[in-house]
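> missing the sequence, but the structure's below:
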């Protein structure tokens with residue numbers, strides 16, 4: 001039998017919380033991006049918590065770390081109902097990049 005170790009970063013450890021709903025913990029639609037992965041879809045809503053932001057994109061919930069830059073983009077661009085892309089990077093002070101997408105992207 002082999003032992004496997006899954007490495008998680010501090011953000012994933014501190015901010016990964018299960019969905020609320022009749023006392024059950026359903027993680028099927030909760031996502032945390034790996035470095036240099038992008039997730040695209042229509043933003044249904046977002047929730048700003050103490051240390052993280054949950055962005056509901058179609059039937060998935062993307063948990064990202066809370067930064068002023070991301071909060072400003074979410075509010076100024078009014079992303080709810082629009083197609084967005086969120087890219088996770090390894091760039092210092094820019095862990096996530098958020099952009100509005102056209103219909104064809």
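Yep, that arrived. Bear in mind that the values here come from a model prediction, so they are computed numbers and not experimental data. Numbering: from 1, shown residues only.
> Look through the protein and tell me its longest strand.
Secondary structure assigned by DSSP state E gives strand 38-48 as the longest strand of the chain.
> So what's the gap between it and the chain middle?
In terms of CA atoms, centre = their mean, to the nearest Å, the gap separating the centre of strand 38-48 from the centre of its chain is 7 Å.
> Buried residues, that strand. List them.
In terms of neighbour count (16 or more other CB atoms under 10 Å), strand 38-48 has its buried residues at 39, 41, 43, 46. Every residue, glycine included, has its C-beta placed from N, CA and C.
> and that strand, what other elements does it pack with?
strand 52-57, strand 60-65, helix 68-76, strand 83-91 (3 or more CB pairs under 8 Å, 6 or more residues apart in numbering; DSSP states H and E).
> Given it, what are its sheet partners and their directions?
Sheet neighbours of strand 38-48, with direction, are listed as strand 52-57 (antiparallel), strand 83-91 (antiparallel) (DSSP bridges).
> Now render those as JSON lines, adding mean pLDDT.
Written out in JSON lines, the entries for these read as follows (pLDDT from 0 to 100):
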{"stretch": "strand 52-57", "mean pLDDT": "92"}
{"stretch": "strand 83-91", "mean pLDDT": "92"}
